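*Asks:* My questions are about this predicted structure, shown below with the sequence.
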Amino acid sequence: MGNADLRDLAAIEEVAFEDLGGVVAVDAHNWLYRYLTTTVKFTADGTYTTASGTEVANLIGIVQGLPKFFEHDLTPVFVFDGGVTDLKDDEVAKRREAREKAEERRQAAEDRGDSVEAARLEARTQRLTDTIHETSRELLRLLDVPVIEAPAEGEAQCAHMNRVGDVDYTGSEDYDVLLFGGPRTLRKLTSSGDPELMDLDATLAELDVSYEQLVDIAMLCGTDFNEGVSGIGPKTALKLVREHGDLFAVLDARDADIEHAERIREFFHHPPVTDDYDLDATVSPDVAAAREYVVDEWEVDPEEVERGFERIEEGLTQTGLDDWT
């Protein structure tokens, strides 16, 4: 997800949780997908599968993942994707094809008794089903965690909220947050250890380019919305944009083309976002109701979530986030 080539160019540093604090707009799709795949990979599916066969590994992921925010004085705001732009049709099709191929390989591994490989490939077949979307929103509501519905890309909405100062960070693994103008992005929020901070201003200063030129560099390498130009990687793209000034001058010089270049460029510069949200709230989770929802209604093994619920209560008490406004 996102333009991984930017990893070679972005200004990223490890930061200590205790040095952060504030409000994080979490790219919900990105965050949930990572917890979903790791939960599926390392947890027996019987712990999160109902008697009717519905899988809700997301509920374990949320209960296990939220304490990290509360324990470190961070208030999460979950931002869910809206409609997918037609510019992303090719990317969506590629991901669907990749899932189908992974499912075929998983079945083959299972048939030959290779449980480790089958589990690894199982993670690659996961997607956020309607049930996962619905139950995630409901559990977050019970835990009094704000939820915002983006009109389009979740990471674009997060970046907007960060840019206008309504939140302190975006939480996402997606490098496209930079291209949507997100000033400060926390990565590795689903990993053990401290997170990474990806800083847009520091990136532009180190590369000696403008924000608009950074978007052009990414488009030359390839994004979720376009194929890159053959033979151009991040360092070459940086050199060419510095030399020629912008994307279209580079394309002219290379006699190359990017389909829908103007639309894609404009989409990064001015993505559909909303200001129709209210972040003034007091975090008062109904842990008892949340536990009942997860364990009784959705039949999740209580041993998988009990410590998470305890940590949520302890984290809110220790940091005082139950009084944030």
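*Replies:* In hand now; what should we look at? Numbers count the residues shown, from 1 in each chain.
*Asks:* now the helices for the protein?
*Replies:* For the chain, the helices defined by DSSP state H cover 28-42, 57-71, 89-111, 115-124, 130-142, 154-163, 176-179, 200-207, 211-221, 234-244, 247-254, 261-269, 287-291, 302-319.
*Asks:* list the helices and strands the fifth one packs on?
*Replies:* Under the contact criterion of 3 or more Cβ pairs under 8 Å, 6 or more residues apart in numbering; DSSP states H and E, helix 130-142 touches helix 28-42, helix 57-71, strand 74-80, strand 147-149, helix 287-291. C-beta here means a position set from N, CA and C on the backbone, and glycine is covered the same way.
*Asks:* Would you mark the buried spots in the first one?
*Replies:* Think helix 28-42. When burial is assessed from 16 or more other Cβ atoms under 10 Å, helix 28-42 yields the following buried residues: 28-41.
*Asks:* and if you look at the last one?
*Replies:* By 16+ other Cβ under 10 Å, the buried positions in helix 287-291 come out as Val287, Ala290, Arg291.
*Asks:* Scan the helices and strands of the protein for the one with the lowest mean pLDDT.
*Replies:* Taking all helices and strands of the chain together, the one with the lowest average confidence (mean pLDDT, DSSP states H and E) is helix 115-124, at a mean of 48.
*Asks:* Find the nearest non-adjacent residue to Leu240, please.
*Replies:* Nearest non-adjacent residue to Leu240, counting by Cβ to Cβ, 6 or more residues apart in numbering: Val250, 4.6 Å away.
*Asks:* ok, the one you found to Val229 distance?
*Replies:* 8 Å (Cβ to Cβ, to the nearest Å).
*Asks:* Give me the neighbour count for Leu200.
*Replies:* Summarising burial for Leu200: neighbours were counted as other Cβ atoms under 10 Å, giving 23.
*Asks:* Pull the contacting residues for it.
*Replies:* Contacts were defined as Cβ atoms under 8 Å, 6 or more residues apart in numbering; by that measure Leu200 touches Leu178, Gly181, Gly182, Pro183, Arg184, Thr185, Tyr211.
*Asks:* Check Lys68 too.
*Replies:* If you count contacts by Cβ under 8 Å, 6+ apart, Lys68 has them with Phe17, Leu74, Leu189.
*Asks:* okay, these in CSV with neighbour count next?
*Replies:* Formatted as CSV, the entries for these read as follows, by neighbours: other Cβ atoms under 10 Å:
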residue, neighbour count
Phe17, 17
Leu74, 24
Leu189, 24
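*Asks:* Among the residues you listed, which one sits closest to Leu143?
*Replies:* Comparing these against Leu143 with Cβ to Cβ picks out Leu74 as the nearest, at 14.4 Å.
*Asks:* Got the phi and psi for Glu259?
*Replies:* Its backbone dihedrals place Glu259 at phi -60, psi 130, with angles given as degrees, to the nearest 10.
*Asks:* now it, nearest residue through space, not along the chain?
*Replies:* Counting by Cβ to Cβ, 6+ apart, Glu259 lies nearest to Asn226, which is 6.7 Å off, once chain neighbours are set aside.
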